[in-house]
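Trainee: mind looking at a prediction? Sequence and model below.
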Amino acid sequence: MKKLSARRRHPLAAVVVLLLALAATGGLYAAFAPADKAQADDTAQSLAIDEGKKLYSVGCSSCHGTGGQGSSDGPSLVGVGAAAVDFQVSTGRMPLQQPGAQAPKKKAIYNQAQIDQLGAYIASLGAGPTVPTEKQYSPDGADIAKGGELFRTNCAQCHNFTGEGGALTKGKFAPSLEDVSPKHIYEAMQTGPQNMPSFPDTVMPEKNKKDIIAYLDAVNGEQTESPGGLKLGGLGPVSEGLFGWIFGLGTLIAVAVWVAARTAKAKKS
Amino acid sequence: MSTTTTETRKKEAPAGERVADWADGRLGIYSLAKANMRKIFPDHWSFMLGEICLYSFIIIILTGVYLTLFFHPSMNEVEYHGSYIPLQGQLMSEAFNSTMHISFDVRGGLLIRQIHHWAALIFLAAMFVHMMRVFFTGAFRKPREVNWVFGFLLFVLGMFTGFTGYSLPDDLLSGTGVRFMQGAILSVPIVGTYLSMFLFGGEFPGGDFVARFYSVHILLLPGIMLGLVVAHLILVFYHKHTQFAGPGKTNNNVVGMPLLPVYMAKAGGFFFLVFGVIAAVSAIATINPIWALGPYRPDQVSTGAQPDWYMGFSEGLIRVMPGWEINLWGHTLVLGVFVPLIIFPLVLVAIAVYPFIESWVTGDKREHHILDRPRNVPTRTGFGVAWITWYMVLLIGGGNDLWATHFHLSINSITWFVRIAFFVAPVLAFIITKRICLGLQRRDKDKVLHGRESGIIKRLPHGEFIEVHEPLNQEQLHTLTAHEQYAPLEIGPAVDENGVERKVSGSQKLRAKLSKGYYGEDNQIPKPTTEEYKEITSGHGHH
Amino acid sequence: MSSQENPEENLPSVQEKTEHGSVAVADENPFADPGLPPHEHRVQDIDERAAKRSERAVAFLFTLSMLATIGFIASYVAFPVDKSVYIFPIGHISALNFSLGMTLGVALFCIGAGAVHWARTLMSDVEVADERHPIEAEPEVKAKVMADFKAGAAESQFGRRKLIRNTMFGALAMVPLSGVVLLRDLGPLPEDKLRHTLWSKGKLLVNMNTNEPLRPSDIAVGSLTFAKPEGLEEHDHDFQKEIAKAALMIVRIQPDDIKDKQELEWSHEGVVAYSKICTHVGCPISLYEQQTHHVLCPCHQSTFDLSDGARVIFGPAGHALPQLRIAVNEEGYLEALGDFAEPVGPAFWERG
């Protein structure tokens, strides 16, 4: 579960977290902004592509083919775009550790610069969605309630009411959306990683995506309030039933044992 | 004495007594109190399970009345403008809107809602455990069969009261459950579509079902349940409580503490304990957070769509059923839905009719007030465990998607597992339980004949090591041998003394067969006889 | 069943009866009931200091309960209904709900705990035996009742006047019919309501997200879109009823990958439109796996193959999802070419 610390209770904690987050995002943005600018520059761009190609041939080509054309072990990457690369590689899903029903989330093994180079290379194979800018995915000013409605129409069927995740066929699953960054949520909707369908801008405009991100942040974010108490995983009646049996009835039976037990007798001297 | 009281009543009788006199003159309370005030209740924790049920039922009624003060059982569409931000401006039924109001704007409303719902889950769970206690100890035997049926009906009615109540907020999860119910009704041959149209006042979801479920949930079903609870309690008082075998405890008495004062304090206190625990649970853990679920819309859904736990086994049935459908002569027989709909009550009936089957097999018409230890009736215990296993397998089926994600399994494999286990697991459970019971019976017999293992190792003069067995005292000996053992039913010879063939009906043969299965040679361990005991104790002497 | 049918030879023989509490017989029967064990005293029974301690404990619990009730009222007054508080390890929760629940819980629990502690440590714990009496009536009582009943029955002439008896049964059997008849207006007759949806020829497919009509170019391979018929708005009075039947799920599959001939015919350049309502019991099915083209129902796991006429490949659904035949109109928008060819949603008897 979440790491919890007493300090978070401090009224200023939210402010501190916000400042830190802003500083971190800003710092990261500053760090990678040159790469963005470099895209305008043909030489820098082709340099990134070259670097990306090298990384690709070492880490990806065994499954996706030497030119990204795909093989029996992995789909073609032509036209998937840099957004797909950014999502898959920076969430650690790619490179795949072992074959299975689905590539799980794990620690990323490339740094952001390398991921951008890989993205540049894949984008050079065929046009596809580009990595979204913060302006695109930032939930500021979005309509949370509309996002909720969109989420229940488009997302909840796989990811659960508040994004706790759920099962798909034959061992596949829709992952939990807790602690997933807005950028990755945006990229996932844009590109449809693995078995998830995509929700391109033509049917779900950028504004809708922002609404959804804002809704998720409101109902399953760090600061989300669960007024009634423990969320019990947000899974609904199954976890509620288990809790009721174990802690509700369990406690009551323990109490009943005490009520009915014989009081200790005085020791015979 | 009575004359003096009469003469001096006006001066001396305290106010309480005068009130009691007044009531006695009209209600006859003294005769009632004479029979019941010092009524004896035996002490055992498992005898309090029924009280958990009773008290949670009372808590549900109290909190339910409070909720009706704020809830609007209407499906009129309104826009939400309460204090919960993520639903602002959303269209929802008035039912959902008023439940949001209770949860976010009425002070303490959320707490009462959570107490109501948690108490309902605990009520059903406690009834289940209470029913199993009665089952495994044989407390359902004569004269308590009728009370067993009352209890069973309370459990079933509790399920439906729960289901209708759960549907009232008209949230996305419960609406999905109602949709499922409507689909199941549609599957009924011939009249399905009519039933559905009448129940929902037209096509699903229509604008009527919340109001209709409301009157069923707060009036019809609880009214019947209240009557049954009262009847159940009257019978408990009338029959007097059962007790476990032990020194001084016979089939003709009941040993324990009197109602006044001990059980008044214990049972009365237990009500507060139950209420207190449920209130604390409701402060700590949230239940049915409808704000996170959103209002119902028939084109929206969430994964992990399950009913409350007591309906979980029916969910399991419907999930694992293969999709059979027969189309003939322009009609459709929806077996994929209708078969589970038929098995659903049968699962419950299987356990409900058991007492009557057992009493037919034993032919025992005597009253039983001494409880069985489950090990001493291996076939019944085996059947009970098999039934629980069956129920649990279906519960697993009902949550197959969550087991899949949380244990990294394939949903398809779990479904197949449940399909097979539905038939196999109860049989295995029956066999294994029976073996364990017989083993425990043997151990009891050993204990009686050879004493308790003391854990002290002694070396005999010739070098052999033996463990010292301590003989049991008479109280223990009595307790371990107090149970009765039936002999298997014999049909008798096929021909009578005159060589004429006797007519033996099929049901008699079946009965003899079952009886053999219950009480035949390998199905119970003959309990030690006094002769065996004396022989061994005199032969060996004391270790 | 008469008792003759139930020979009782399989009943256990009556146990050797022993006198209640008599020890003398024990020599003969080692398993005999030794009777109630003698009462043993608790510490509180013999040590007044211990009893005092118990008394103080009970009083303490009752006092605690009073304080908790005061705490309850104080919380009710003090905390605004929307105040959030962080409680470890529960998380961010409503301060009011938590404080009300905990104080109420403590107030109630302490009353119960006090009463039980009082009963357990201070009230007499001498076990008492109460005699039972058989439930069955004595034969004389039964004989009296039977005689009374016979007398009453004879006096009513119920058995003799068959005409009265039969007409009374008839009347009693008929009268509940009025109640049944009154239920008729609970709802309309089914007629063909379940066979039709709002879809008809020329109706545009409107995107659920944007409320705009869809063009084929909007639908990318691997994407998932939900649509409703043009003209149906969320504020409409019968929106819920209509969307329950008309909800649509649109995906695009490479025409080469479509295995079912009719599906290909009814699609537009690989854009296929299927009913979103599961054919099992009507859940909105839409867990679309874009690589396998399988859709899974979140309620009961029926799985359909959208690349093969949406036939059922797993689970309890009995038939394929209905497909809506679509085309493109002159303005380039996707439109329906008619209603679904078969009823959507769960199967029913008249479906055929």
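Mentor: Perfect, I can see it now.
Trainee: contacts only, for the closest residue to residue B:88 other than its chain neighbours.
Mentor: Distances taken as CB to CB, 6 or more residues apart in numbering or on different chains place residue A:145 nearest to residue B:88, at 4.6 Å, with adjacent residues excluded. To be clear about C-beta, it is placed using only N, CA and C from the backbone, and glycine gets the same treatment. Residues near residue A:145 by CB atoms under 8 Å, 6 or more residues apart in numbering or on different chains: A:215, B:85-90.
Trainee: which stretches of the stretch 1-150 of chain B have low pLDDT?
Mentor: By pLDDT under 70, the low-scoring segments of the stretch 1-150 of chain B are B:1-11.
Trainee: kindly report the same for chain C.
Mentor: Looking at chain C by pLDDT under 70, you get C:1-27.
Trainee: and the residue nearest the centre of it?
Mentor: Of all residues in chain C, the one closest to the mean position by CA atoms, centre = their mean is residue C:299, 14.5 Å from it.
Trainee: check chain B too.
Mentor: Nearest to chain B centroid, counting by CA atoms, centre = their mean: residue B:128, 2.3 Å.
Trainee: separation between it and chain A?
Mentor: 9 Å (CB to the nearest CB, to the nearest Å).
Trainee: got the contact list for that residue?
Mentor: B:155, B:310.
Trainee: contacting residues around stretch B:513-525?
Mentor: B:357, B:361-362, B:376, B:378-379, B:434, B:438, B:441-442, B:445, B:485-489, C:10.
Trainee: average pLDDT for that stretch?
Mentor: On average, the pLDDT along stretch B:513-525 is 86.
Trainee: what about that stretch, how long is it end to end?
Mentor: One end of stretch B:513-525 sits 18 Å from the other (CA to CA, to the nearest Å).
Trainee: hmm, stretch B:459-475 in reach of chain C?
Mentor: Yes - looking at stretch B:459-475 against chain C by CB under 8 Å from any CB of the partner chain, the contacts come from B:474-475.
Trainee: show the end-to-end separation of that stretch, please.
Mentor: Stretch B:459-475 end-to-end distance (CA to CA) = 30 Å.
Trainee: got a list of contacts for it?
Mentor: Contacts of stretch B:459-475 (CB under 8 Å, 6+ apart): B:246-247, B:447-448, B:450-458, B:480, B:537, B:542-543, C:26, C:30-32, C:34, C:37.
Trainee: sorry, back to before: closest to residue C:224 out of the contacts of residue A:145?
Mentor: Set against residue C:224, the nearest of the contacts of residue A:145 by CB to CB is residue A:215 (18.3 Å).
Trainee: so where's the stretch 151-269 of chain A uncertain?
Mentor: Those would be A:268-269, if you go by pLDDT under 70 across the stretch 151-269 of chain A.
Trainee: what sits against whatever residue of the stretch 51-200 of chain A ends up closest to chain B?
Mentor: Closest approach between the stretch 51-200 of chain A and chain B, counting by CB to the nearest CB: residue A:166, at 3.0 Å. Listed by CB under 8 Å, 6+ apart, the contact set of residue A:166 reads A:158-160, A:173-174, B:302-304, B:401, B:405, C:287, C:298.
Trainee: residue B:292 too?
Mentor: Going by CB under 8 Å, 6+ apart, residue B:292 touches A:161-162, A:219, A:234.
Trainee: break chain A into its domains for me.
Mentor: As recorded under automatic domain parsing, the domains making up chain A are A:25-130, A:132-222.
Trainee: please identify the most buried of the ones you listed.
Mentor: domain A:132-222 (a mean of 22; mean count of other CB atoms under 10 Å in any protein chain shown).
Trainee: what ranges do the strands span in the chain?
Mentor: Using chain A here. Here chain A has its strands, by DSSP state E, at A:166-167, A:173-174.
Trainee: my bad, chain B
Mentor: B:40-41, B:77-79, B:91-93, B:243-244, B:253-258, B:326-328, B:331-333, B:370-371, B:452-459, B:465-470.
Trainee: which of those strands sits closest to residue C:255?
Mentor: Using CB to CB, those put strand B:326-328 closest to residue C:255, at 30.4 Å.
Trainee: just to revisit the earlier point, please tell me how far the residue nearest to residue B:88 sits from chain C.
Mentor: Counting by CB to the nearest CB - residue A:145 and chain C are separated by 13 Å.
Trainee: mind pulling up the pLDDT for that residue?
Mentor: 93.
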